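>>> Sequence and predicted model, in that order:
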Amino acid sequence: MSKQEYIKFCKTEKDLPIFHQYYWLDVFADSTNWDVVVLKSGNEIIATLPYTLKNKKISQPTFTQFLGPYIKYPSEQKYETKLNYEKNTINKLINLLPDFISFTQNFSPKMINWFPFYLNYFNQTTRYTYRIENLDDMELVWNNFNSNTRKQIKKAQKRVKAVDDLTIEDFYKINIMKFDRQDRKQTFTLDFLKNVDKELAKRERRKIFFAVDDENNIYEMLEDDDVG
């Protein structure tokens, strides 16, 4: 399957994670350094697995939180049927991969069934991601925070406010300061960041928030000492 077909799929599949999008992969992996295996049922794409490959090692690009399989599920599946469908689908994706000597990817938090990989002699490490899935009722979200978290948020609100009208240069500058303070080398250039921002902004797939005080000082992170 050509990348052009996958690009068409990306443009029409509304639930596809941003890290699976062709433009994300083009920016972070270079358009010549990523590929994808695709499973079809007739003319319809039902599963995909994008990846980067170097020296027969399959991985994912830097700054990419996760990749892994993406599966379109038939509607109204029973749990047992879904598990069997996942097993068969993932097995087929694995068999479509090119020859490799190692496979290292993080999977989406929604991909909780790695059993098909286990059956194919892969190993895995479990990590945890905490998400607030539903933001429709912010009062409910607020009430479900523990009391100490609510207290710290209220303290922060007295000192700083969130704004989203600063520049990508401001974002880069605050990152440089953090790297310098930690005596670490910056891992990306301003030109690279501008390119990323351009690709995401024109698709309305990014928002940058800054925490600033009354004197327009930008805060990297609000910790106990910052808001006490």
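Arrived safely. Numbering: from 1, shown residues only.
>>> so residue 200 makes contact with residue 206?
Yes: Residue 200 is within contact range of residue 206, at 3.8 Å (criterion: C-beta atoms under 8 Å). Quick note: C-beta positions are derived from backbone N, CA and C, even for glycine.
>>> more crowded one of those two?
Set residue 200 next to residue 206 and count neighbours by other C-beta atoms under 10 Å: residue 200 wins out with 18 against 13.
>>> Which secondary structure elements does the host helix or strand of that one sit against?
Using DSSP states H and E, residue 200 sits within helix 190-201. When contacts are defined as 3 or more C-beta pairs under 8 Å, 6 or more residues apart in numbering; DSSP states H and E, helix 190-201 sits against helix 22-29, helix 168-181.
>>> Any idea which of these gets closest to residue 80?
When the helices and strands packed on helix 190-201 are compared by C-beta to C-beta, helix 22-29 sits nearest residue 80, at 34.1 Å.
>>> Which residue ranges of this structure form helices?
Taking DSSP state H, the helices of the chain run over residues 3-12, 22-29, 79-96, 115-119, 138-143, 147-159, 168-181, 190-201, 224-227.
>>> Tell me who's in contact with the spatially most central residue of the chain.
The chain has residue 65 as the residue nearest its centroid, 4.0 Å off, counting by C-alpha atoms, centre = their mean. Residue 65 makes contact with 19, 106, according to C-beta atoms under 8 Å, 6 or more residues apart in numbering.
>>> In the protein, where is pLDDT below threshold?
Scanning the chain for pLDDT under 70 picks out the ranges 1, 221-228.
>>> Perfect, I'm done here.
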